[in-house]
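Asks: predicted structure and sequence below. I'll ask about it afterward.
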Number of protein chains: 4
Amino acid sequence: MNKRSGTESKKKIINAALKVFTEHGYKGASMRMIAGAADISVGGLYLYFDNKEDLYLTLMKETFSDFTQKVSSALKDTRTSSEAFNLFITLYLNNAKEHRGLILIQGREHKFTFGMDIKRRFFIHQRGAIEEIIQRGIKSGEFRKCNVKEASKIIFCVLRGFILSLIVEPAALFSPEECSNLILKGLLKNNSETALGETNGS
Amino acid sequence: MNKRSGTESKKKIINAALKVFTEHGYKGASMRMIAGAADISVGGLYLYFDNKEDLYLTLMKETFSDFTQKVSSALKDTRTSSEAFNLFITLYLNNAKEHRGLILIQGREHKFTFGMDIKRRFFIHQRGAIEEIIQRGIKSGEFRKCNVKEASKIIFCVLRGFILSLIVEPAALFSPEECSNLILKGLLKNNSETALGETNGS
Amino acid sequence: MNKRSGTESKKKIINAALKVFTEHGYKGASMRMIAGAADISVGGLYLYFDNKEDLYLTLMKETFSDFTQKVSSALKDTRTSSEAFNLFITLYLNNAKEHRGLILIQGREHKFTFGMDIKRRFFIHQRGAIEEIIQRGIKSGEFRKCNVKEASKIIFCVLRGFILSLIVEPAALFSPEECSNLILKGLLKNNSETALGETNGS
Amino acid sequence: MNKRSGTESKKKIINAALKVFTEHGYKGASMRMIAGAADISVGGLYLYFDNKEDLYLTLMKETFSDFTQKVSSALKDTRTSSEAFNLFITLYLNNAKEHRGLILIQGREHKFTFGMDIKRRFFIHQRGAIEEIIQRGIKSGEFRKCNVKEASKIIFCVLRGFILSLIVEPAALFSPEECSNLILKGLLKNNSETALGETNGS
DNA sequence: GATGAATGAGTCTTCATTCAT
DNA sequence: GATGAATGAAGACTCATTCAT
């Protein structure tokens, strides 16, 4: 008989659900687990969400929009494009770490395309953010000219790979900073080393 | 009552299970589904496998050892290290495509570490193969000198990212060849362009 | 959806389970049967008991402690040792009759020793009660001197036999009173007839 | 592809089934277990028995008739009634011990009356044997006069109790000889001690 | 708004029974 | 006669969902 405002409860549930889904996956997480983690009754869950799927979807939307907001507000305080780029990468990687790649790899169950639209929108949005950073960097002369679309695709690819490695075999991983630097090297103007080259150059 | 040889049935089950697990994940796949896909009765499954977990683990082992064999036999017919490298990447990517990343992203459910050992061994083995190719390429003068261990880690990271992109948003993807070339650029000796650079350079 | 208080449901289940286990044995009783008999859903059973074994064990504990209490409270109102003895036998036999010997003969399945500890404790306790009655009877001069431990063993043996006969071939049975008297004859002081003797003596 | 005569296989199966049923109970014993113990294929079982129930019933019949024959042939070589009586008790108890009371307590599962007819007939037959021994003992003057029917009922009751005690709590048991003597005391002519009395008499 | 007892379809697994070989 | 792969109904147990309180 806890008295809480509706929104308060909803938030509590979402936070709990995020934790539980992250840890056990969609199928592996039970409504009871989530209720327990949210310190609410099982029935209480259904006051705020139609069903498990709805909860999951809402959760993702919130998570995504939270992250998007955090990123865009953080980017406002950056001066150089390198700084902005580094910040983005760091935020992205930390977020992924925290949620153990929930964003990336969950949702294959349940008819194969569970929540895919939301994800896609999220990815497109984030890629847009990167593209903008690069564009700006090129305009300001900080970054060299390149095919912005292709570059952002490749960057995302590397990011994904890094996150997945984080989950799958954390032992065999270079550091986040290295990851960021690795990509940055390719973008910066005054840098003739290749991604895989170790110093001495051509 | 269809009569089949034991091994025939086992193979049929493994193939079916691969498909179903790939499509629905471990928890999302039911034994009934697998039985249906294998065109066998539910009970029949248990003639060949002790339980769901056993089936899944066996499946992974087989899949991995099949792939490992395919790779090592294919590599024998290659001349240059570039060729070998390209071939490895292609096989790896195609295999991943076929199994929709089963190897990569399954197994977070079920106490979080389900079948992880097998995966780790697989990854380590594959990374070993890459390291060997690079080493040989360096020795032959085809590839430039670099930290082989680090390079292979990064390559795997990119591969993983590519595979995941394949699954998560296939639309937004450069081609496998591009992926291979992208990485190769960093290894080849006479190539001063950076990974993300678009020709014209500094 | 019937609403009941938790304890009410639990009792209903235990009563139903007692009936079903008694009638079909441990393996022969299905959770569905029990659920049906308790007028509850299958899932409902698991609200109150972890699993079948837990239900069975709880059931036995309750049954035993119920009986033990009934006996000890009833014995308080008895004056002579003969009366106490008779009462005990009657209660024991009626209880056994009601539960069709659940206490005695279940539990050979399931690794052979299922719930044996609880039973053993029960038997030891009951034998203790008998021993006490005899001891008191001897002290008061009502019963003749005898090896109390041995006597109680034999008495239990006869009781068991009687209960089993009750189940296995109820037709071929002398009455419970006869059983009680039969044993009592051996204990009473002024009685020179032997158990199997029919009046007229040597 | 073992070649055996039909009857040979049948016997092997029955022996195996006896062991397995004895150890696991009716429901607890699986046809596969029995097949394994009989060193025959699962399908092979059904060449000789219609189904599990049939196998069980046949098994009991055979077991009973075997025992009956053993008893009646053994009794032929006895001189005194005491000797005959002792022999009967010993055979009965040993048989029960060997089969862990299969005869007594199995078959409550499966509609409550599984194989009961066979058992009843067996019990009646055995009780008949006892009655005959007592009758003869009385005629010869060895035993005192008594109600033969009642006496044999009581004797069976004690036997059952003894067997059950053997199974349920073997620790708390007097020896088989004691059991035999206990009963015999009541029958023998020149014996004024009562069953439960410990020497010193009235 | 909140609870948690209750539901029942669905999950994995077992096993008596059948039948092509 | 004998085999053992195959079947499918049934068992124990789980869990998303509902609803009386």
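Replies: Great, that's in hand.
Asks: would you say residue A:135 is within a strand?
Replies: No - using DSSP: H, G, I helix; E, B strand; the rest coil, the secondary structure at residue A:135 is helix, not a strand.
Asks: who's in contact with it?
Replies: By CB atoms under 8 Å, 6 or more residues apart in numbering or on different chains, residue A:135 lies in contact with residue A:148. The way it works is simple: take the backbone N, C-alpha and C, and place the C-beta from them, glycine included.
Asks: next: residue A:184.
Replies: A:82, A:85, A:86 are the contacts of residue A:184 under CB under 8 Å, 6+ apart.
Asks: any idea how far residue C:14 is from the last one?
Replies: Residue A:86 sits 66 Å away from residue C:14, taking CB to CB, to the nearest Å as the criterion.
Asks: identify the residue spatially nearest to residue A:78, adjacent ones excluded.
Replies: The shortest distance from residue A:78 to any non-neighbouring residue, by CB to CB, 6 or more residues apart in numbering or on different chains, is to residue A:84 (4.2 Å).
Asks: residues in contact with the helix or strand the one you found falls within?
Replies: For residue A:84, the element it lies in under DSSP states H and E is helix A:81-98. Helix A:81-98 has contacts (CB under 8 Å, 6+ apart) with A:67, A:70-71, A:74-75, A:78, A:103-104, A:126, A:129-130, A:133-134, A:136-137, A:140, A:142-143, A:159, A:162-163, A:166, A:176, A:179-180, A:183-184, A:187-188.
Asks: I'd guessed residue A:142 sits against residue A:133; true?
Replies: No - if you go by CB atoms under 8 Å, residue A:142 and residue A:133 don't touch, sitting 10.1 Å apart.
Asks: between the two, which one's more packed in?
Replies: residue A:133 (26 against 19; other CB atoms under 10 Å in any protein chain shown).
Asks: what residues are up against that one?
Replies: Counted by CB under 8 Å, 6+ apart, residue A:133 has contacts A:75, A:81, A:84, A:85, A:88.
Asks: and for residue A:134?
Replies: So residue A:134 contacts A:81, A:85, A:143, A:146, A:148, A:151, A:152, A:187 (CB under 8 Å, 6+ apart).
Asks: any part of stretch A:153-166 near chain B?
Replies: Yes - with CB under 8 Å from any CB of the partner chain as the criterion, chain B is reached by stretch A:153-166 at A:153, A:154, A:155, A:156, A:157, A:158, A:159, A:160, A:161, A:162, A:164, A:165.
Asks: what about the first one, which helix or strand?
Replies: Read that as residue A:153. helix A:148-168.
Asks: just the residues of stretch A:153-166 next to chain B that are near chain C?
Replies: Filtered for proximity to chain C (CB under 8 Å from any CB), these leave an empty set.
Asks: just give me the neighbour total for residue A:51.
Replies: 11.
Asks: distance of the closest residue to residue A:71 other than its chain neighbours from chain C?
Replies: With CB to CB, 6+ apart as the criterion, residue A:71 has its nearest non-adjacent residue at 5.6 Å, and that residue is residue A:91. The gap separating residue A:91 from chain C is 45 Å, by CB to the nearest CB, to the nearest Å.
Asks: show me what contacts the closest residue in space to residue A:58 that isn't next to it in sequence?
Replies: Excluding the flanking residues, the one nearest residue A:58 by CB to CB, 6+ apart is residue A:49, at 6.4 Å. By CB under 8 Å, 6+ apart, the contact set of residue A:49 is A:13, A:55, A:58.
Asks: and these, which is closest to DNA strand E?
Replies: Of all the contacts of residue A:49, residue A:13 has the smallest distance to DNA strand E: 9.4 Å, by CB to the nearest atom of the strand.
Asks: and the pLDDT at the closest one?
Replies: If you check residue A:13, the pLDDT there is 95.
Asks: so it touches residue A:38, yeah?
Replies: Yes - using CB under 8 Å, residue A:13 makes contact with residue A:38 at a distance of 4.5 Å.
Asks: hey, what's in contact with both of these two?
Replies: With contacts defined as CB under 8 Å, 6+ apart, the residues shared by residue A:13 and residue A:38 are A:44, A:45.
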